[in-house]
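Sequence first, predicted model second:
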Amino acid sequence: MNSVRALCTRRTGLGDQVGGEFFAAVRERVRQARVALETAVGGGDAYEVALAQDELDDALAVADEHDVETGPCVGTGPCAEGAGDADHNR
């Protein structure tokens, strides 16, 4: 059993409901980070791109740590360029 789910079940008794909300929040964070990265790349500001890439990396690390499926990235920016990379397809 996933440790996050076990923790939620033990502390709240809500089990998958709480875990599901956490997983949804992680997926949303990854989605927003991907959008922010696409926007930053389109804007051409290297600093904004670096910030957005860091946020995406952090969001994907959280997803990976908790086995949250985020789906393949879509689009044409750096995320899509790494589409074959397992870290970007979680």
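Perfect, thanks for sending it. Numbers count the residues shown, from 1 in each chain.

buried sites along the helix or strand hosting A33?
Take DSSP states H and E as the rule and A33 turns out to sit in helix 16-43. By neighbour count on 16 or more other CB atoms under 10 Å, the buried set for helix 16-43 is 18-19, 22-23, 26-27, 29-30, 33-34, 36-38, 40-41. Placement of C-beta: from N, CA and C, glycine included.

One more: stretch 41-59?
The neighbour-count check on stretch 41-59 (16+ other CB under 10 Å) flags V41, E48, V49, A52, Q53, E55, L56, A59 as buried.

Could you look up the SS state of D67?
Following DSSP: H, G, I helix; E, B strand; the rest coil, D67 is assigned to coil.

Can you pull the phi/psi pair for it?
Phi and psi for D67, reported as degrees, to the nearest 10, are phi 50, psi 40.

So for it, what's the pLDDT?
In this model, D67 is scored at 90, pLDDT.

Which strands or helices does the helix holding A33 pack on?
Helices and strands touching helix 16-43, as assessed by 3 or more CB pairs under 8 Å, 6 or more residues apart in numbering; DSSP states H and E, comprise helix 3-12, helix 46-65, helix 78-81.
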